[in-house]
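Engineer: fold the following and give me the result.
(chains A and B)
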Amino acid sequence: MQKRYREIKQEVIDNLDTFLQQAKSRLEANGCHVYIAYSVDDALNYVNKIVSNGSTIVKSKSNTVKEIELIDYLIKNKDISFLDTDFGDWVNQMLETESVNPVAPAIHVTKKDVEERVPKHLEEKYGIKVSPQLSELVKVCRRMVREYALKAEAGITGANAIAALEGAVLLVENEGNQRIVSSIPDKHIIVAGVEKLTPNLDDALHVARCASIFGVGRVFGNYDSIIEGPSFTLDVEWTFFRGIHGPSEVHVIILYDEARKKAIKEGFKELFYCVNCGACADFCPVYEQIGEKFGYKYQGGRGLIFSVFHASLSKAVEHGLFFCTTCGMCVEVCPGRIDTPTMMEKVRSKAVKENLYMPPHKNFVESVQKYGNPYKSPKKERISWAEGLKIPEKGSVLYWVGCTASLRVPSVARSTIKILEKTGVDYTCLGEHEECCGSVMKRTGFGEEFEKIVEEVTETIRKTGCEKLVLSCAGCYRTFKKDYPGFGVEPIHIVELLAEFVGSGKIKLREFPKTVTYHDPCHIGRHIGLYKQPREVIQVIPKVRFVEMDRNREEARCCGAGGGVRGAFQNLTLAIASERINDAKEVGAEVLVTACPFCLINLRDAVQKTGSKLEVLDITELFAQLIV
Amino acid sequence: MADSIYENLKRIVEERLADKKHMGSIRLALSNLSTRVRQP
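Structural biologist: Below you'll find the predicted structure:
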């Protein structure tokens, strides 16, 4: 389903001009007025011409209308009387609050709030007396929408899809307000971004299904309308007459502005694979903690990246561009599998070039440049984890320890060494010569500084002549695997090695009669796909009781440490990590095992914060304890 | 500029983490939606 959706969007975005012209001519042939707006002002001016002064306007939910601030413009310039008809938007209008979610705009308001405050507003502003019960308020909304629609000059909607071949606009909804807005007033104004185009109606229906499934978990919307043009009758002597029951005018405004063109040109075309289902925000660990404050007009990471183009780089930074942990949960739940983490890093690089960085991230970069690690630890301390150990000077396998295991959780490094020794791996380490892999720079937008690190580290590793690079850090592993092009040495995460040893019977383990769950680090989970190996190796431990958290593998909740968030927003990180601790508690785990020292310290901090008795272990620590 | 934006962002985080009512409502709604992406 995601594959087909992505293919449809890709085809459209790669051939926008063709589909745009086809849609325009088909819609016009069907009797619509079509206006291609090459700027937001163009779109506003067009609507300005078709809406009369002092008229009544009704609207259904539309992200593009919100993006271009059309309603504010019409209130200011045309003195319109206006009603938002979606119940969530209506509640927001009554309470004078802003939408917080593209699918459910008023989820921030409690039932109690609605029952207490909306009746007051209705009485003061509209002279409507109503008893303070949600059931009664729903009836008032229903009545108001009908009254407004009957006197409205125009109804404004967005579009879920515009089929170019047939010239048809597809609207998907659950409440039924969209049908009222699009059929009762004499003018129907449709405002949509050019990305809403689909090659044909079949594809449009697929898009609509995705919007519904990923938006609200229904196979289709409650109401799905296909609109090809104005209402007409031919009943008397085949005489053509427009506007019999539905609108006599249908205006389709397709926004193809500079923001969209620039984003596509600069390599951000995936932004326009969005169906506005809101799943990315709903499953985002950051949105879960700070809501709509993570976004500007459009919520979440993808929304913020788009805001760089439709607003500005500084607006994006001010609204939380650096809140994103780049965990990739949004990719998993997105019908278009929009690669927000990669675009996030790209756009952060643009921000850093404009000096719009987060100061703690700059400190990390300076520390890496001076000390070879982001923790401002003197270079000689890098090897302190190995005190008392005899590390071989040469070996075909290089164990890359990483900054966090070296300087914050040495037990991970020592445990890894114990596993390598016990299994007879021909290994060595770089000792004091090991430096930061640059992951922190890459994730926080210091792309140029990262490129220099890549060169230096690649050279250092090549000089050792090693064939394989073993890592216990998920962040370093992801970085070598994906961000070191042409590296030439095979990175292997310790969980892969453990799986190999367990499979070949090389490892013998003591009993561990405890209930254990596993936290997937994003950097080896969603970013790489190592889900099977850690589970396999934990489950072979004698007497272990392995349980899965509700959100696991692709759906695993991020610990909140990645993307520079732990460095810049500690309390946000801890709040996210505390959720993960709760996930483990809910399934009765006594031990939470992970495979990343950075996740480890973050989860341990959250255990301390929440006062939980959960034991958090790195997989290397667990195996070092049990290996015979 | 980066410093002032950063300070403001930290303030936003603190305010939101403390706003149990606003975020409580959002989180309740999100938990009700949590199974929806397990597609048919």
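Engineer: the stretch 151-300 of chain A against chain B: which residues are in contact?
Structural biologist: A:213-217, A:219, A:279, A:282-283, A:288-291, A:293 (CB under 8 Å from any CB of the partner chain). Any C-beta I mention is one placed from the backbone N, CA and C, and that applies to glycine too.
Engineer: between the residues you listed, which has the most around it?
Structural biologist: When neighbours are counted by other CB atoms under 10 Å in any protein chain shown, A:Asp282 leads those with 29 neighbours.
Engineer: find the closest residue to chain B in chain A.
Structural biologist: Closest contact between chain A and chain B, by CB to the nearest CB, is at A:Gly217 (3.1 Å).
Engineer: ok, that residue to A:Phe232 distance?
Structural biologist: Using CB to CB, to the nearest Å, A:Gly217 is found at 37 Å from A:Phe232.
Engineer: and for A:Ala386?
Structural biologist: Relative to A:Phe232, and taking CB to CB, A:Ala386 is found at 82 Å.
Engineer: what about A:Gly588, neighbour count?
Structural biologist: Neighbours of A:Gly588 (other CB under 10 Å): 10.
Engineer: if you could redo that for A:Glu366, that was the one I meant.
Structural biologist: 13.
Engineer: per-residue confidence at it?
Structural biologist: Per-residue confidence for A:Glu366 comes out at a pLDDT of 98.
Engineer: in the strand or helix carrying it, what counts as buried?
Structural biologist: Per DSSP states H and E: A:Glu366 is located in helix A:359-371. For helix A:359-371, burial by neighbour count (16 or more other CB atoms under 10 Å in any protein chain shown) applies to A:Pro360, A:His361, A:Lys362, A:Phe364, A:Val365, A:Ser367, A:Val368, A:Tyr371.
Engineer: what's the answer for stretch A:8-25, then?
Structural biologist: So, applying 16+ other CB under 10 Å, buried residues of stretch A:8-25: A:Ile8, A:Lys9, A:Val12, A:Ile13, A:Leu16, A:Phe19, A:Leu20, A:Gln22, A:Ala23, A:Lys24.
Engineer: near chain B, list only the ones from those.
Structural biologist: Filtered for proximity to chain B (CB under 8 Å from any CB), the buried residues of stretch A:8-25 leave an empty set.
Engineer: output the residues you listed as a markdown table; include the columns secondary structure and pLDDT.
Structural biologist: Formatted as a markdown table, those follow (DSSP: H, G, I helix; E, B strand; the rest coil; pLDDT from 0 to 100):
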| residue | secondary structure | pLDDT |
| --- | --- | --- |
| A:Ile8 | helix | 98 |
| A:Lys9 | helix | 98 |
| A:Val12 | helix | 98 |
| A:Ile13 | helix | 98 |
| A:Leu16 | helix | 97 |
| A:Phe19 | helix | 98 |
| A:Leu20 | helix | 98 |
| A:Gln22 | helix | 98 |
| A:Ala23 | helix | 98 |
| A:Lys24 | helix | 98 |
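Engineer: got those as CSV, with distance to A:Gln2 columns?
Structural biologist: Formatted as CSV, the buried residues of stretch A:8-25 follow (distance: CB to CB, whole Å):
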residue, distance to A:Gln2
A:Ile8, 11
A:Lys9, 11
A:Val12, 16
A:Ile13, 16
A:Leu16, 22
A:Phe19, 21
A:Leu20, 25
A:Gln22, 26
A:Ala23, 24
A:Lys24, 29
